[in-house]
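Asks: Predicted model and sequence below, questions to follow.
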Amino acid sequence: MTPEDFAALLAPEGHALLDSLRDYDPAQELAVATRLRREHPAALVSAALGQARLRQRAVAKFGAEDAGRMYFTPGGAEMATRASVASYRAERLAALGVRSVADLCCGIGGDALALARLGIRVLAVDHDLLTVAVARANAEALGLADLIEVREADVTEIDTAGYDAVFIDPARRGGRGRIFDPESYSPPLSWAIATARAAEFAAVKIAPGIPHEAVPAEAEAEWISDQGDVKEAVLWFGTAPGEIRATLLPGPRVLATSDPLPDPEAGPVGRYLYEPDGAVIRAHLVAEVAQQLGGRLIDPTIAYITADELRETPYATSYEITDVLPFGLKRLKALMRERGVGILTVKKRGSAIEPEELRKKVKPQGPNSATVFLTRVAGAPSMLIGSPTKG
């Protein structure tokens, strides 16, 4: 989609056409396109259908109401911050007393929208002409244009001195896919950190796989998950230097420390197994959860916690373990057949076996369900069989 195609979508004809596709079925796209091209230019129909598909995909991130009014680019829809995460971050900034933010590398405007909804004034900057047009249209569509100034510019040339805080979300994807070297981000992470250091408050969004040794000493590092899925990491400046956080949404539920515990000891598998949330694992806070649970690791290199008593925690999912066995496909098949297991959930950590591959080989049948963990126990390939605890 070109900027000209997008401008046509915003015109009355394009707007009406897009509204007519609110509930369209992508499986019927050929028939719908053929019908619409009798009444509208082919380029406009193509742009509208593409936008309708993106809106449907964006419901998972933005909810049906907002996604149905917003505009997207394919890359922008994929890289935009999930609304729940953007809202949480905006609330943190608002709690710091922030009333204005320079949002650098704003993309389609997901974070700017969340900030503006809290009454925070935003300068949203991106270098891509189409992306800027989409961000501006989103501010208009959600009634937030009075609080969001969208500007096409090189973010490295923006003077942020007049803003209470800076938010930077460097592009981590290129023409060949995901970028793993932080200095290959656009702009580079070193520039983002230098800019953040100069601000009173700042947040830099980064990939959750960033090595802990790459976190600046004066930054707070936060790993965020939403409904169990790790979404991002953030370097905060001006908040709590040296602090490490795992934040779980919805909630938020926050596990934080400035003095991480040493790795917990490993020991025999007890009655219960705990699978820490991904944000806890990324933040290297498994030891803190193990201490809360009175637990131990099943292996020094595996982030599964085991304990003999069941304790509630928001930071891990608990399972009652019935069997601890050396790995063996024939034994697992026989056991699942004997117990009438037709719903088999396969989880793995420290195993090269793919869950779907194992499920196909086991061919579970029957009315019962079970969970099998493919992992290592004291260095040995093992199978732990059990089920989620109730409550």
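Replies: Noted; the coordinates are in hand. Residues are numbered from 1 along each chain as shown.
Asks: Which residue lies nearest the spatial centre of this structure?
Replies: Lys231 (1.9 Å; C-alpha atoms, centre = their mean).
Asks: residue contacts, that one?
Replies: By C-beta atoms under 8 Å, 6 or more residues apart in numbering, the contact list for Lys231 reads 81-82, 85, 208, 224-225. In short, each C-beta sits where N, CA and C put it, glycine included.
Asks: Could you pull up phi and psi at it?
Replies: Backbone torsions of Lys231, given as degrees, to the nearest 10, read phi -100, psi -40.
Asks: just use 786 as the starting number from now, easier for me
Replies: Yep, numbering from 786; the last one is Lys1016 now.
Asks: Look up how far Pro1049 lies from it.
Replies: Relative to Pro1049, Lys1016 is positioned 26 Å away (C-beta to C-beta, to the nearest Å).
Asks: wait, Arg1116 sits on Arg1122?
Replies: No: Arg1116 lies out of contact with Arg1122 (C-beta atoms under 8 Å); the separation is 10.9 Å.
Asks: returning to that earlier point: tell me the most packed of the contacts of Lys1016, by neighbour count.
Replies: Counting neighbours by other C-beta atoms under 10 Å, Ile1009 leads the contacts of Lys1016 with 29 neighbours.
Asks: Report the beta-bridge partners for that residue.
Replies: Following DSSP bridges, Ile1009 is listed with bridge partners Glu1017, Thr1032.
Asks: Which pLDDT does the model give it?
Replies: Looking at Ile1009, its pLDDT reads 98.
Asks: same check, this time on the one 10 residues further on
Replies: Reported pLDDT at Val1019 in the predicted model: 97.
Asks: now Glu934
Replies: The confidence metric pLDDT takes the value 98 at Glu934.
Asks: ok, it to Asp896 distance?
Replies: Glu934 is 14 Å from Asp896, where distance means C-beta to C-beta.
Asks: Mind checking which of those two has more residues around it?
Replies: Between Glu934 and Asp896, counted using other C-beta under 10 Å, Asp896 has the larger neighbour count: 28 against 15.
Asks: Which residue is the nearest non-sequential neighbour of the more buried one?
Replies: Ala871 (4.8 Å; C-beta to C-beta, 6 or more residues apart in numbering).
Asks: On the three-state scheme, that neighbour is what?
Replies: Of the three states, Ala871 takes helix under DSSP: H, G, I helix; E, B strand; the rest coil.
Asks: Now for it: which residues touch it?
Replies: For Ala871, counting by C-beta under 8 Å, 6+ apart, the contacting residues are 895-896, 898-900.
Asks: Now with 10 Å, please.
Replies: Counting by C-beta atoms under 10 Å, 6 or more residues apart in numbering, Ala871 touches 846-847, 865, 894-900, 902, 952, 990.
Asks: Which member of the residues you listed is positioned nearest Gly1135?
Replies: Set against Gly1135, the nearest of those by C-beta to C-beta is Lys990 (29.5 Å).
Asks: excluding its backbone neighbours, what's nearest the closest one?
Replies: Distances taken as C-beta to C-beta, 6+ apart put Asp954 closest to Lys990, at 4.3 Å, once the chain neighbours are dropped.
Asks: Check which residues of the helix ranked longest in the chain are buried.
Replies: The single longest helix within the chain, with elements called by DSSP state H, is helix 827-852. Judged by neighbour count (16 or more other C-beta atoms under 10 Å), helix 827-852 contains these buried residues: 829-841, 843, 846-847, 851-852.
Asks: tell me what it is packed against?
Replies: Secondary-structure packing of helix 827-852 (3 or more C-beta pairs under 10 Å, 6 or more residues apart in numbering; DSSP states H and E): helix 788-795, helix 797-805, helix 814-821, helix 859-864, helix 868-880, helix 895-901, helix 914-926.
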